[in-house]
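Visitor: need a 3D model of the following:
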Amino acid sequence: MFFSVVFIMFQVVLISIAVYQFTLSLFGFMKNKSRKRHAPRKSFAVLVAAHNEEQVVGALIENLKKLDYPKELYDILVICDNCTDKTADISRSMGVTACERTNTNLRGKGYAIEWMLKKLWSMPRQYDAVVMFDADNLVNPDFLQLMNDDLCEGHQVIQGYLDTKNPDDSWITAAYAITYWYCNRLWQLSRTNLKMSNFLGGTGMCFESNLLKDMGWGATSLVEDLEFSMRCVQRGVYPILNYDAKVFDEKPVTFRASARQRLRWMQGHFNVARNYFFPLLWASIKERNIVKFDAAIYTVSVYNTLLGFVLTVVLWIDVAVPAPDVFHSIYSSLPWWIVGVAVLAAVLQFPAALMLEKVKSRKMYMHLLTLPFFLISWWPITFYAFFTQNNKTWSHTQHTRVVRIEEVQGK
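Guide: As a prediction, this is how the structure comes out:
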């Protein structure tokens with residue numbers, strides 16, 4: 001009896017969080033097209049994080065040099081972090097600054113950014129803002145102009161729209177693309193419409209320089225973007241989403257590479273949850289601040305995935321064992337129509353996101369059939385990440401898919 005009560009309590013918690021997120025997602029159906037434009041005024045240090053990226057860094061540099069923004073207002077600096085290939089040579093040959101860092105003890109993007117920012121503040125030229133990309137990215141030509149607009153409006157931390165540059169490469173990259181379209185529309189845009197904090201996505205990020213100097217980077221976990229997001233929210237600085245500023249990110253093609261990348265994300269997410277959930281939850285109660293409450297719920301989402309996996313496995317085992325059931329699911333006590341509506345909402349949210357994002361590729365809609373396998377794979381990955389969360393070893397995702405921005409725009 002005791003175990004059944006605990007089991008149902010956990011289910012109630014998961015259902016409550018799911019209903020909360022679904023309610024927020026409804027506000028993503030609206031899209032405000034109005035945006036105030038400003039003349040180019042802000043100067044940018046465009047940082048490109050790279051570790052052995054000789055195959056792809058040239059395409060990004062070429063892309064960045066052609067942005068529709070006054071060339072005297074931005075400089076490109078490539079962080080060549082522990083590189084053993086020609087990343088630095090290629091960068092210099094294309095006329096941009098290559099900053100070489102060698103530190104095999106403190107490895108990873110977070111440490112590289114922290115090192116680069118200290119170097120940046122000591123340079124003769126100072127910039128109004130810092131923009132960060134990964135070496136495998138491509139960006140739309142108006143990216144800096146859109147960042148300029150938001151900075152002129154007083155925003156301090158801005159996240160661009162994260163898209164996928166190789167969605168057609170495999171069922172894995174298609175799954176990434178679909179989940180990113182879903183998250184952009186029904187997670188990020190919904191929070192934009194509700195004037196809540198958005199969350200940084202690791203690339204396509206813009207920061208006001210004075211804020212970075214004041215805060216320091218200080219985000220060196222395996223998910224430095226999420227960590228810095230939470231640090232901002234704690235200070236009352238809420239990152240915003242610029243829905244029109246598109247960044248195209250290369251996604252792993254194989255399941256193995258994808259699993260390794262997502263394992264790193266989940267290990268880092270557990271670390272952020274440990275450090276920020278209770279402080280943000282307490283602050284949200286003390287200050288009656290819904291934005292900090294939402295951020296706290298977001299940090300603990302990794303535990304929701306873990307708990308959902310454990311409860312499902314326990315329930316399956318309980319049903320499979322030829323003996324009276326020990327656990328009882330709350331779903332068996334709910335009216336059939338409530339369960340039906342919940343299942344229908346879960347099934348329809350991804351095709352709804354594709355339609356809202358005006359995805360025209362029939363192939364992407366067909367990949368909705370393989371998407372559940374990708375989503376379910378998060379369960380064992382998160383379970384394994386829980387027991388290896390103290391692993392701080394950064395793993396590099398290799399990028400070899402050379403794509404130009406013209407190809408992406410052509411699709």
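
Visitor: how about the helices in the stretch 1-150 of the chain?
Guide: Assigned by DSSP state H, counting those that start in this stretch, the helices in the stretch 1-150 of the chain fall at 2-25, 57-64, 87-93, 109-121, 143-152.

Visitor: would you put the C-alpha positions of the last one in CSV?
Guide: Extracted C-alpha coordinates of helix 143-152, given in CSV (Å, rounded to 0.1, in the frame of the first residue of the first chain):
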residue,chain,number,x,y,z
PHE,A,143,22.0,38.0,-37.7
LEU,A,144,24.1,40.9,-36.4
GLN,A,145,21.5,43.5,-37.5
LEU,A,146,18.9,41.7,-35.5
MET,A,147,21.2,41.5,-32.5
ASN,A,148,21.8,45.2,-32.9
ASP,A,149,18.1,45.9,-32.8
ASP,A,150,17.6,44.0,-29.6
LEU,A,151,20.6,45.5,-27.9
CYS,A,152,19.3,49.0,-28.8
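
Visitor: helices or strands up against that helix?
Guide: Packing partners of helix 143-152 (3 or more Cβ pairs under 8 Å, 6 or more residues apart in numbering; DSSP states H and E): strand 44-50, strand 129-134, strand 157-164, strand 205-208, strand 240-249. C-betas here are computed from N, CA, C, even on glycine.

Visitor: pLDDT score for residue 325?
Guide: pLDDT for residue 325: 67.

Visitor: residue 111 is in contact with residue 217, correct?
Guide: No. Between residue 217 and residue 111 there is no contact under Cβ atoms under 8 Å: 9.2 Å.

Visitor: distance of residue 36 from residue 290?
Guide: 26 Å (Cβ to Cβ, to the nearest Å).

Visitor: those two - which one has more neighbours?
Guide: More neighbours surround residue 290 than the other of residue 36 and residue 290, with 12 against 8 (other Cβ atoms under 10 Å).

Visitor: enumerate every residue touching the more buried one.
Guide: 196, 284 (Cβ atoms under 8 Å, 6 or more residues apart in numbering).

Visitor: can you tell me how far it sits from residue 279?
Guide: Taken as Cβ to Cβ, the span from residue 290 to residue 279 is 16 Å.

Visitor: if we can go back for a sec, now render the helices and strands packed on helix 143-152 as JSON lines, adding mean pLDDT, mean neighbour count and distance to residue 63.
Guide: Compiled in JSON lines, those are given as follows (pLDDT from 0 to 100; neighbours: other Cβ atoms under 10 Å; distance: least, Cβ to Cβ, whole Å):
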{"stretch": "strand 44-50", "mean pLDDT": "97", "mean neighbour count": "26", "distance to residue 63": "11"}
{"stretch": "strand 129-134", "mean pLDDT": "97", "mean neighbour count": "24", "distance to residue 63": "9"}
{"stretch": "strand 157-164", "mean pLDDT": "97", "mean neighbour count": "24", "distance to residue 63": "14"}
{"stretch": "strand 205-208", "mean pLDDT": "98", "mean neighbour count": "25", "distance to residue 63": "17"}
{"stretch": "strand 240-249", "mean pLDDT": "96", "mean neighbour count": "22", "distance to residue 63": "9"}
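
Visitor: got the angle for the lengthiest helix in the chain vs helix 109-121?
Guide: Of all the elements of type helix in the chain, the one with the most residues (DSSP state H) is helix 255-287. Using axes from the mean of the first three to the mean of the last three Cα atoms, to 10 degrees, the direction of helix 255-287 lies 70 degrees away from that of helix 109-121.

Visitor: same for helix 255-287, what does it pack against?
Guide: When contacts are defined as 3+ Cβ pairs under 8 Å, 6+ apart, helix 255-287 packs onto helix 171-182, helix 224-234, helix 290-299, helix 301-320, helix 378-387.

Visitor: what is the mean pLDDT for it?
Guide: The predicted model gives helix 255-287 an average pLDDT of 96.

Visitor: once you drop chain neighbours, what's closest to residue 76?
Guide: residue 96 (4.1 Å; Cβ to Cβ, 6 or more residues apart in numbering).

Visitor: and that neighbour, what is it in contact with?
Guide: Contact analysis of residue 96 by Cβ under 8 Å, 6+ apart lists 61, 65, 75-78.

Visitor: list buried residues within those.
Guide: Using 16 or more other Cβ atoms under 10 Å as the burial test, the contacts of residue 96 include 61, 75-78 as buried.

Visitor: could I get the helices and strands packed on helix 143-152 as a markdown table with distance to residue 226?
Guide: As requested, the helices and strands packed on helix 143-152 are arranged in a markdown table below (distance: least, Cβ to Cβ, whole Å):
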| stretch | distance to residue 226 |
| --- | --- |
| strand 44-50 | 16 |
| strand 129-134 | 14 |
| strand 157-164 | 12 |
| strand 205-208 | 12 |
| strand 240-249 | 15 |
